[in-house]
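Participant: I'd like to go over a predicted model; first the sequence, then the structure.
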Amino acid sequence: MSNRTAIATRAPRFATLRRLLSSPTGGLASLAVAAFVIAAIAAPLVAPYDPNAINPINRMQGPSAAHWLGTDQLGRDLLSRIIFGTRTALYIALVGTAAALGVGMAMGMIAGLGGKVVDSVLVLINDSIKSLPLVLFALALVTIYGASIAALIVIIAISMAPGYFRVVRNQVLVLRSADFVIAAQSMGASRLRVAATHMLPNLIGPILVLIAMDIPAVIGIESGLSFLGQGIQPPKSSWGNMLSEGYTYVRQAPHIAVAAGLPIVLSTIAFTFLGESLRDALDPRRAVRR
């Protein structure tokens with residue numbers, strides 16, 4: 001591949017990135033998401049204290065110069081626990097979403113490129129999973145297998161996979177009648193090659209938007225189960241179990257609940273706006289219409 005061809009191939013990608021960052025909403029959302037990611041990766045370096053260090057003398061103190069967000073009922077620094085909770089939330093969100101994406105994309109490709117019988121069976125399976133009450137399903141699974149990170153990831157993968165299946169299947173059904181796909185098949189390309197070479201690149205945009213939109217939902221699932229005591233277990237830092245502890249002491253120290261709820265709200269807003277801005281950046285006509 002010549003340098004000119006390589007530059008031409010990269011140009012649309014950089015144009016999409018420029019449109020994303022030039023938008024006020026997209027720029028701020030990208031900055032906020034980057035801050036969450038940096039905090040998660042560099043948690044031991046960024047956190048001012050050990051998140052599990054107990055100091056009963058300073059228990060339930062409000063925000064101060066020593067503890068910017070105050071301390072909890074055991075005297076632990078809330079800012080440090082929130083930073084390490086960011087690592088927990090993003091790890092579960094990324095791994096769970098990746099698992100859901102892998103399962104949903106595989107089934108969507110098979111349904112879109114397979115026969116009617118295979119398509120009907122896979123649609124029925126995914127519709128059945130989608131119809132399950134998420135909270136009851138999650139609580140039942142956690143009750144059977146116990147509260148753990150692995151159980152949370154399995155719950156997220158099973159509950160979110162139908163969404164990716166639907167998007168991939170619908171895109172494949174549209175793309176398989178495209179001229180370039182028909183031409184590749186007429187030249188003897190296998191279904192696997194057609195899917196990997198010709199269809200997958202056209203799925204990246206919608207999939208990225210869906211991932212950005214789904215991460216807040218995944219964080220909500222993890223936080224909700226941890227709040228109910230069926231997710232991340234203390235002393236490991238989690239926004240959900242911190243919020244549960246804050247609710248217990250909301251009369252004596254309301255700052256604990258506020259500090260624990262703030263990152264959940266901010267991350268939800270940041271990832272949602274990032275998804276919307278990414279959707280507009282991938283389709284400039286939508287941004288013009290708005």
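Facilitator: All right, it came through fine.
Participant: would you list every one of the helices in the stretch 51-200 of the chain?
Facilitator: Secondary structure of the stretch 51-200 of the chain (DSSP state H, counting those that start in this stretch): helices at 78-113, 116-131, 134-145, 149-175, 179-186, 191-193, 200-227.
Participant: And those: which comes nearest residue 235?
Facilitator: Comparison of these against residue 235 by C-beta to C-beta identifies helix 78-113 as nearest, at 9.3 Å. To be clear about C-beta, it is placed using only N, CA and C from the backbone, and glycine gets the same treatment.
Participant: can you pull the buried residues of that closest one?
Facilitator: For helix 78-113, burial by neighbour count (16 or more other C-beta atoms under 10 Å) applies to 78-90, 92-93, 95-97, 99-101, 103-105, 107-113.
Participant: same deal with stretch 150-157?
Facilitator: For stretch 150-157, using 16+ other C-beta under 10 Å, the buried residues are 151, 152, 153, 154, 155, 156, 157.
Participant: For the second one, give me its contacts.
Facilitator: Each residue near residue 152 by C-beta atoms under 8 Å, 6 or more residues apart in numbering is listed here: 92, 96, 221, 222, 225, 231, 232.
Participant: Rebuild the residues you listed as a markdown table, extending it with pLDDT and distance to residue 147.
Facilitator: Formatted as a markdown table, the contacts of residue 152 follow (pLDDT from 0 to 100; distance: C-beta to C-beta, whole Å):
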| residue | pLDDT | distance to residue 147 |
| --- | --- | --- |
| 92 | 94 | 13 |
| 96 | 93 | 15 |
| 221 | 89 | 13 |
| 222 | 90 | 11 |
| 225 | 89 | 8 |
| 231 | 87 | 6 |
| 232 | 89 | 8 |
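Participant: now the residues you listed in TSV, with distance to residue 55?
Facilitator: Compiled in TSV, the contacts of residue 152 are given as follows (distance: C-beta to C-beta, whole Å):
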residue	distance to residue 55
92	28
96	34
221	32
222	27
225	29
231	26
232	22
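Participant: Which of those residues sits closest to residue 122?
Facilitator: residue 96 (21.1 Å).
Participant: returning to that earlier point: what is the most widely separated pair among the contacts of residue 152?
Facilitator: Spatial extent of these (C-beta to C-beta) is set by the pair 96 and 232 at 12.9 Å.
Participant: just to revisit the earlier point, would you single out the least confident of the helices of the stretch 51-200 of the chain?
Facilitator: Looking at those, the lowest mean pLDDT belongs to helix 191-193 (a mean of 75).
Participant: distance between that helix and the chain's centre?
Facilitator: Here helix 191-193 is found 29 Å from its chain centre; the criterion is C-alpha atoms, centre = their mean, to the nearest Å.
Participant: List the contacts of it.
Facilitator: Residues external to helix 191-193 that are found in contact with it (C-beta under 8 Å, 6+ apart): 113, 184.
Participant: likewise stretch 103-110?
Facilitator: Here stretch 103-110 makes contact (C-beta under 8 Å, 6+ apart) with 118, 122, 125-126, 157, 160-169, 171-172, 195, 199, 203, 207.
Participant: do that again at 7 Å, thanks
Facilitator: Stretch 103-110 is contacted by residues 118, 122, 126, 157, 161-165, 168-169, 172, 195 when judged by C-beta atoms under 7 Å, 6 or more residues apart in numbering.
Participant: what's the neighbour count on the nearest residue to residue 54 once chain neighbours are set aside?
Facilitator: Using C-beta to C-beta, 6 or more residues apart in numbering and skipping residues adjacent in sequence, the residue nearest residue 54 is residue 74, 4.8 Å away. Other residues near residue 74 come to 16 when the count uses other C-beta atoms under 10 Å.
Participant: Please report how far residue 74 lies from residue 81.
Facilitator: Noted for residue 74: a distance of 10 Å to residue 81, by C-beta to C-beta, to the nearest Å.
Participant: do the same with residue 252
Facilitator: Using C-beta to C-beta, residue 252 is found at 18 Å from residue 81.
Participant: Residue 62 now?
Facilitator: Between residue 62 and residue 81 the computed distance is 16 Å (C-beta to C-beta).
Participant: Return the residues in contact with residue 16.
Facilitator: By C-beta under 7 Å, 6+ apart, the neighbours of residue 16 are 281, 282.
Participant: what do you get for the one 10 residues further on?
Facilitator: Counting by C-beta under 7 Å, 6+ apart, residue 26 makes contact with 20, 274, 277, 281.
Participant: Could you identify the most distant pair in these?
Facilitator: Farthest pair in the contacts of residue 26 (C-beta to C-beta) is 274 and 281. Separation: 10.1 Å.
Participant: Much appreciated, bye for now.
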